[in-house]
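# what's the 3D shape of this:
(2 chains)
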Amino acid sequence: MGAIRFWGGQPVSNWRGSGGIAWSGSTANGIATYGDASTVVAESTATYDGTTLTLTQSGGGLKMDGLNSSDANTLDDYEEGYFTAAATVASGTLTVDTAADRLKYTKIGQVVHIYGLLPAFSTATTPSGSWYITGLPFTNTNTQDEHEGDCRALGIGTIINTVSDVDPGTPFGWIEKNDTRIKWALSGIAADFTMNANYLDTGSGVAVFGSYTTDS
Amino acid sequence: MALSKTVVCDRMEVLQDAQIQVRTATVVAEDGVELSRSFHRHVLEPGDDTSGQDDRVAAVAAAAWTPEVIATWDAIRAERQAEMDASLAE
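Residues are numbered from 1 along each chain as shown, chains lettered A, B, ... in the order given. Below you'll find the predicted structure:
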């Protein structure tokens, strides 16, 4: 069994184990990584001083790609990307302009942040009744703790440039559990607070912003 | 110097109710060395049309979406809609 041998007054780069292991690099608190079969390298761009892990290489970072940890204190996933939105409506026709139908997402752990503006509909032919924006990048959580409400995501954006004033009420998006659609509703309404699509025409825009959780 | 751009389905996640979360990566490379990778996501639900999907996604869907799975999903979707409508009407 080999041991690391030290020569007094020698720099770290000269350390060599009796088993044939050499250490190269002289960065204080540099993290040791594999160099080759006989070399350990102290990285110059990654350090750990006992309390703080520091990464300094431009263009790099900390990569966690769907590690699926079951530990509640462990950050196991980070991802940035795009998704393509579309629309469905109970009656009539409502089509998102395909020239501007991509929105952004950032997933951190189980939380998915979505954001962007759908500036117009390419068609809005007598749309009426309930309507949805579809195509979310991840399915909303289906893990219910106490009641349906703890799975739902509310306040996912708003609507701009409606055909007429929305009064009473303010548009907001609702993602039901286990769903990949945003249902549009109105806050401040006593009875059925579904937002009727007849507020929309081709000039209306959908501002999407908010967060929901996923089980994946 | 040869730049290339490839689009690949690089991840599929099949959820408990057999929805398939699909990640598509657009990879730009120079002489085979990857320069950038960007992601696009979409989700397919049991019974969705898989024409136009990556062959492997369609194959997974064909295997996972048995008639029983699709029927179960339809029931889940109906229940979900009923719960949402009930909440909206309260």
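
# Work out which residue lies at the spatial centre of chain A.
residue A:107 (1.8 Å; C-alpha atoms, centre = their mean).

# give the contact list for that one.
Going by C-beta atoms under 8 Å, 6 or more residues apart in numbering or on different chains, residue A:107 touches A:77-80, A:113, A:137-138, A:214. The way it works is simple: take the backbone N, C-alpha and C, and place the C-beta from them, glycine included.

# What average pLDDT does the longest strand seen in chain A get?
In chain A, taking DSSP state E as the definition, the longest strand is strand A:121-134. The pLDDT scores in strand A:121-134 average 97.

# which residues are contacting that strand?
With C-beta under 8 Å, 6+ apart as the criterion, strand A:121-134 contacts A:85-99, A:118, A:173, A:180-184, A:194-198, A:200-202, A:204, A:206, A:208.

# rewinding a little: type out the PyMOL command that picks the buried ones from the contacts of residue A:107.
Under the burial definition 16 or more other C-beta atoms under 10 Å in any protein chain shown, those of these that qualify are selected in PyMOL by:
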select buried, chain A and resi 77+78+79+137+138+214
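
# picking that back up, neighbouring strands for the longest strand of chain A, and are they parallel or not?
Here strand A:121-134 has these sheet partners by DSSP bridges: strand A:86-96 (antiparallel), strand A:181-187 (antiparallel).

# Just put those strands in TSV and tack on mean pLDDT and distance to residue B:57.
Formatted as TSV, the strands paired with strand A:121-134 follow (pLDDT from 0 to 100; distance: least, C-beta to C-beta, whole Å):
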stretch	mean pLDDT	distance to residue B:57
strand A:86-96	98	18
strand A:181-187	96	20
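
# Need the winner for burial among these.
Comparing the strands paired with strand A:121-134 by mean neighbour count (mean count of other C-beta atoms under 10 Å in any protein chain shown), strand A:181-187 comes out on top with a mean of 22.

# what residue ranges in chain B score low on pLDDT?
Chain B contains no residues with pLDDT under 70.

# near chain A, which residues of it show up?
B:11, B:13, B:15-17, B:19, B:21, B:23, B:38-43, B:45, B:76, B:80-81, B:83-84, B:87-89 (C-beta under 8 Å from any C-beta of the partner chain).

# Counting neighbours, what do you get for residue A:119?
Look at residue A:119: counted by other C-beta atoms under 10 Å in any protein chain shown, it has 17 neighbours.
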